[in-house]
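Undergrad: Pasting a predicted model and its sequence here:
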Amino acid sequence: MLTDHSDSPLMRLLADRTRREDVRGPTLAHVHREIGRLLAADVARSLALEDVAIQHPTGAATGVRIVQGGEPIVLALMRAGLFVAEGVWEALGAASLVPCAPEAAELGRVPAADRVVVVVDSVINTGRSIRRWLDALGERRPRQRVVATLVGYRPTMAGLVADYPDVHFVTARLSDRSYVGKATTDTGSRLFGTEQWRLE
């Protein structure tokens with residue numbers, strides 16, 4: 001299943017800021033977090049909630065929380081997926097955030113069984129990294145796999161949805177252009193201020 005926010009006015013306004021050459025560093029990271037918070041609304045649909053007693057300013061009341069033991073795990077594919085993942089993590093409150101390399105080698109330490117696991121990347125272009133993570137996660141039997149991304153290449157996203165019908169894909173926008181950034185056009189470089197580094 002794919003939930004695409006390309007036509008959402010608020011998401012369009014935020015996504016536009018990510019595409020501007022003069023938006024970089026902490027400002028760009030802030031926009032990525034804001035988009036992550038909005039994407040978290042779709043992630044939350046996969047969560048089980050329960051009532052809990054809370055203290056309201058007027059006295060005892062009933063609140064809500066994620067069912068204990070079912071808190072989601074947010075996997076931030078480094079490096080450019082970090083700030084979108086932070087936005088998802090902040091919005092969900094009780095989630096765990098795990099920064100990960102694009103390869104799925106670090107999954108062994110993640111207690112994925114019977115949990116909602118959210119894989120976050122800033123851009124899905126070829127889909128190779130996401131496919132590795134989804135395949136590795138499938139072996140761990142999570143309750144639900146969710147992929148959240150800032151932008152997805154439309155043909156790749158269509159292929160992912162067809163190949164992984166049990167995964168919920170959430171994107172801020174779809175693109176009809178396949179593009180891999182370098183140096184000043186790379187999302188990670190713009191986020192972390194390393195556009196001019198020779199090793200980038």
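TA: Ah, there it is.

Undergrad: Show me where the protein has its strands.
TA: For the chain, the strands defined by DSSP state E occupy 2-4, 49-56, 59-66, 73-77, 96-100, 116-124, 144-153, 168-175.

Undergrad: Tell me the confidence at Thr185?
TA: With respect to pLDDT, Thr185 scores 55.

Undergrad: Now do stretch 74-89: everything it contacts.
TA: By C-beta atoms under 8 Å, 6 or more residues apart in numbering, the residues outside stretch 74-89 that reach it are 28-30, 32-40, 43, 92, 95-102, 110, 117-123, 129, 133, 148-150, 186-188, 191-192. For the C-beta atoms, the positions are set from N, CA and C on the backbone; glycine is no exception.

Undergrad: Which of the strands of the chain comes out lowest on mean pLDDT?
TA: Mean pLDDT per stretch puts strand 96-100 lowest among the strands of the chain, at a mean of 88.

Undergrad: Can you list the strands that it pairs with?
TA: Looking at strand 96-100 with DSSP bridges, its partner strands are strand 73-77 (parallel).

Undergrad: Also compute the angle for the strand it pairs with relative to strand 116-124, please.
TA: Following axes from the mean of the first three to the mean of the last three C-alpha atoms, to 10 degrees, one obtains 20 degrees for the angle between strand 73-77 and strand 116-124.

Undergrad: Count the residues that sit near the residue nearest to Val98 when sequence neighbours are not counted.
TA: Nearest non-adjacent residue to Val98, counting by C-beta to C-beta, 6 or more residues apart in numbering: Leu75, 5.2 Å away. Using other C-beta atoms under 10 Å, Leu75 is surrounded by 25 other residues.

Undergrad: ditto for Gly108
TA: Around Gly108 there are 8 other residues, counting by other C-beta under 10 Å.

Undergrad: Spatially central residue in the chain, please.
TA: Geometric centre of the chain, nearest residue: Val120, 3.0 Å, by C-alpha atoms, centre = their mean.

Undergrad: any idea how far the nearest residue to that residue once chain neighbours are set aside is from Thr27?
TA: Excluding the flanking residues, the one nearest Val120 by C-beta to C-beta, 6+ apart is Ala85, at 3.8 Å. Look at Ala85 and Thr27: by C-beta to C-beta, to the nearest Å, they are 18 Å apart.

Undergrad: Mind checking which of these two has more residues around it?
TA: Legend: neighbour count by other C-beta under 10 Å for Ala85 and Thr27, higher for Ala85 (29 against 14).

Undergrad: Next, format the strands of the chain as JSON lines and append distance to Arg17.
TA: Formatted as JSON lines, the strands of the chain follow (distance: least, C-beta to C-beta, whole Å):
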{"stretch": "strand 2-4", "distance to Arg17": "19"}
{"stretch": "strand 49-56", "distance to Arg17": "32"}
{"stretch": "strand 59-66", "distance to Arg17": "30"}
{"stretch": "strand 73-77", "distance to Arg17": "20"}
{"stretch": "strand 96-100", "distance to Arg17": "23"}
{"stretch": "strand 116-124", "distance to Arg17": "14"}
{"stretch": "strand 144-153", "distance to Arg17": "11"}
{"stretch": "strand 168-175", "distance to Arg17": "11"}
